[in-house]
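[1] Fold the following for me, if possible:
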Amino acid sequence: MKENIFILLLLLLTTLPLAAAESPNGTLPFDCPDVPNPKFQFHFTRELISLAVTTFPFNTVENIYIHVYDDEVGLFDKLVQYYTDNLKAENWHNSHEDSTKHLYILERPTPAESRQVDNAVLGLFALVRSDNDVYLLNIVGNVPLRQARKLLTDLGDIGIDIPELKSIGELSLPKPEEPSAGMPLPTLFRMRKDSTVANTTDRVLFSASYEENHHGHWTYREHPIERIQMRSSDIKQVAAISDGLKNGAGDITELLDGLSSNNDSKDIPRFIVLPAEKTITIWAGRMMDETQPTMLVKSFQTTDGDPIHEIVIRENQYTEANTIRAALEKGPVEIGAAVDALPDAVPTFERVEFLIEEVDSQRTAIITAIEKPPALRFYTDGAPHLGFNRVTGWELGAGIESGFRAQKKHRSAFTFGFSSESAGEDNSKLFGRIGYGFSDKQPYYRVGGRAVWKEPYSWQFGVTAQYQRGTSITAPDLFSHYNDTATLLLRMFGVPDHQDYYLRHGVEVELEWKAVFPMRPLQFLRLNHSFKLILLAESHNSLQKHTDWHLFNWGSKSEARENPLITPGQMRSAMFRYDFDTRNNYLGSHHTFFVEHSNPTLGSDFNWTRFQAHLRYAYPLGDHQIRARAVVGSATAPLPIQRQFVMGGIGTLNGYPLYAFAGDAGLLFNIDFLYHLFNFGNHNFSAVLTLDEGQVWNLSENPLGFDPKGSVGIGLQYETDVDVFRFNVAKAFDAEQGVRYNFMFFYSF
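    Have a look, this model is predicted:
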């Protein structure tokens, strides 16, 4: 069987490019001049390797290139001389050398990247003389160094049998030289706020759309530098640094200081330097002066004298970055003593905790700031409200909230337009909103209050009560983003409304307890657990469509989709809901479990209990993403329409019409794979592949059959730090269903 696999591989290989292409990822071209053509050449791709073996460490390999030559006189020595010079110029390290073999390894190019995989190498390059053959071998991937020897000795598993490689001992990277002279390297300083309250501008960090590498001889704070890697979202910044290097600037610090001082814009360029032994990475960005990260003017160290390369401050919400930075720079250079001095130097700090993370000799001091509860000030904020859908038409109104909240600085007691300072902050308050639908000629209002008790960085308990008359949507967990501004714009421009609406009129009371766990070191990932008890005493009624208008349908010549009926009646129900949420910048997991019960003994017109589990997960795969969702729902009795399990259309079964399937129970599975195409500044473009599968059942069906529906689709997604736009094309597996298109200003789930 194994021989058959290799024969298939050989046939496939004859159709593939066989020469290595030059690339910064561990690939070296087989381009030695004036040598005979190889008698045999292979290119094993990741896919071909996995056909033969999927075990570790082969699953860390992306490509294997091999050329085999006849051992002519002088050929081996010529190849050794040529490739040795090229490999050294590209910072490959000689790991083994004798009369029959030379082995080189390429370590990860920067300390920041090395943190992703501990002691890993990007490539291995071997020149081997064996019997009457000469081998050139280039292995590309993300190979753990401790497994590199096993990879070389097990190459026979994919048909590459080079006995000389089996005699090589354990591989190791050269030990970094201890700097004998030079100024201490400065410590990098970052502010990382709680992701639940951080403003979106805090996520504008240095992107790396453009990259250049230079080799030569420079100095940085009197340390010798032989390799410089430049990264920036602005090609002009890369070009400016490159020109300075070519013009003979020997000291990197002087070069960067000169570039900063020659710029008159208030959006000054920021240069962050990540030093390693004889190598530095320069990140260039164009940001406001107060934006972090930056470099401290002094260098910190451990009690043993080892340097601290980076200090990360997290959890602070009310303390300015300049205050913390100034306190650190005035304190001791020993990091433990500097941290101990912070509560006395920063009045808003109650206490601080810190730990040191060390990855590939790069030490990061992570400081958690526990702040004193700030003074609460009374406020009243108002804001206009604008809405539009096919039921109410244009809805115009205003909202107001009033209460006590923490503020960094004194502000007016009344503002019109909700303050960004309180965005994301959960405080005790009274609130209200009133609006009028100009198409259905009906008023809508909401009035209530919220009381909050909490222990910072530990737990929070809140009680909310409100009386309302307003529109609501069916299946809010499956079809989200009803109030999103982008979705409002879609409806205005004629994109079909994917929501179905009904009228709620009555009282809602919510009790919520939320536990907040500390973030993981270096991951900046917060784990949130929340428990809710939601009590409803309200009436539900159907709403009719009242308008077909949109910007391209002034005469209402085309008709919008009708708004379907619901099951009207008095709804008295109690719901218990649990949420587990680790999301940050659209990545992580969010799982929801709930049970809702309605009973005539509570004064309800309905008698049922329903259950639902909703699992969502988004995981990065390098520059790509995979997003998956599974939903399971069931009930003890037939459900009213507004509580049914529904699917079909955008974000559920993309190849089917909206709400094509509804029932008392159901299953839904979605997988989105986002393949990163390219960046343009902080604008990211990805191709999307979607796969959907699901089925619903009604309890009246007997027996319950199994006939799942599915669809597959492709799309193009554009996103920035805060916006997402996607165009999808989907086709159901059912032959009678046509191709469907949709637009989204949000992730599917």
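[2] contacts, neighbours, all on C-alpha from now
    Will do.
[3] Walk me through the domains of the protein.
    Per automatic domain parsing, the structural domains of the chain span 2-167, 188-371, 457-744.
[4] For the last one, what is the distance to the chain centroid?
    What it means is domain 457-744. What separates the centre of domain 457-744 from the centre of its chain is 21 Å, taken as C-alpha atoms, centre = their mean, to the nearest Å.
[5] before we move on, what about stretch 228-240?
    With C-alpha atoms, centre = their mean, you get 24 Å for stretch 228-240.
[6] Just the endpoints, please. Distance across that stretch?
    Stretch 228-240 has an end-to-end distance of 14 Å (criterion: C-alpha to C-alpha, to the nearest Å).
[7] what's the model's confidence in that stretch, averaged?
    Mean pLDDT, stretch 228-240: 74.
[8] can you check stretch 376-396 too?
    Averaged across stretch 376-396, the pLDDT comes to 91.
[9] re the thing from before, let's have the domains of the chain in TSV, adding mean neighbour count and distance to P443.
    Compiled in TSV, the domains of the chain are given as follows (neighbours: other C-alpha atoms under 10 Å; distance: least, C-alpha to C-alpha, whole Å):
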stretch	mean neighbour count	distance to P443
domain 2-167	17	55
domain 188-371	17	33
domain 457-744	18	8
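[10] Flag whichever of these has the least confidence on average.
    Comparing mean pLDDT across those, the weakest is domain 188-371, with a mean of 72.
[11] right, so of the domains of the chain, which gets closest to W394?
    Nearest to W394, of all the domains of the chain, is domain 457-744, at 9.4 Å by C-alpha to C-alpha.
[12] what's the closest non-adjacent residue to the spatially most central residue of the chain?
    Per C-alpha atoms, centre = their mean, the C-alpha nearest to the average position across the chain is that of L587, at 4.3 Å. Excluding the flanking residues, the one nearest L587 by C-alpha to C-alpha, 6 or more residues apart in numbering is A618, at 5.0 Å.
[13] elements contacting the helix or strand hosting that neighbour?
    According to DSSP states H and E, A618 maps onto strand 608-621. Contact here means 3 or more C-alpha pairs under 8 Å, 6 or more residues apart in numbering; DSSP states H and E; on that basis strand 608-621 packs against strand 588-598, strand 624-635.
[14] Could I get the domains of the chain in CSV, plus columns for distance to F438?
    Listed next are the domains of the chain as CSV, based on distance: least, C-alpha to C-alpha, whole Å:
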stretch, distance to F438
domain 2-167, 56
domain 188-371, 34
domain 457-744, 9
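[15] Between the ones you listed, which one is closest to L173.
    Among the domains of the chain, domain 2-167 comes nearest to L173, with 7.2 Å by C-alpha to C-alpha.
[16] ok, back up a step: who touches the residue nearest to the centre of the chain in this structure?
    Counting by C-alpha atoms under 8 Å, 6 or more residues apart in numbering, L587 touches Y617, A618, Y619, P620.
[17] Then V80?
    By C-alpha under 8 Å, 6+ apart, the residues touching V80 are H102, L127.
[18] now swap in S172 and tell me
    Here S172 is in contact with S95, L145 (C-alpha under 8 Å, 6+ apart).
[19] so it sits in a helix?
    No: S172 is assigned coil when assessed by DSSP: H, G, I helix; E, B strand; the rest coil, not a helix.
[20] Could you report the distance from it to Q362?
    When distance is defined by C-alpha to C-alpha, S172 is 18 Å away from Q362.
[21] what does A327 give?
    Using C-alpha to C-alpha, A327 is found at 23 Å from Q362.
[22] next one: G622
    In this structure, G622 and Q362 are 22 Å apart, going by C-alpha to C-alpha.
[23] And what about the nearest residue to L658 once chain neighbours are set aside, helix, strand or coil?
    Leaving aside its chain neighbours, L658 sits nearest to G649 (4.1 Å; criterion: C-alpha to C-alpha, 6+ apart). Under the three-state scheme (three-state DSSP), G649 adopts coil.
[24] hmm, back to that, roughly how far apart are the residue nearest to the centre of the chain and D581?
    As defined by C-alpha to C-alpha, L587 lies at a distance of 10 Å from D581.
[25] hey, what's in contact with both of the two?
    With C-alpha under 8 Å, 6+ apart as the test, L587 and D581 reach no residue in common.
[26] sorry, back to before: who's in contact with the strand holding A618?
    586-599, 625-639, 749.
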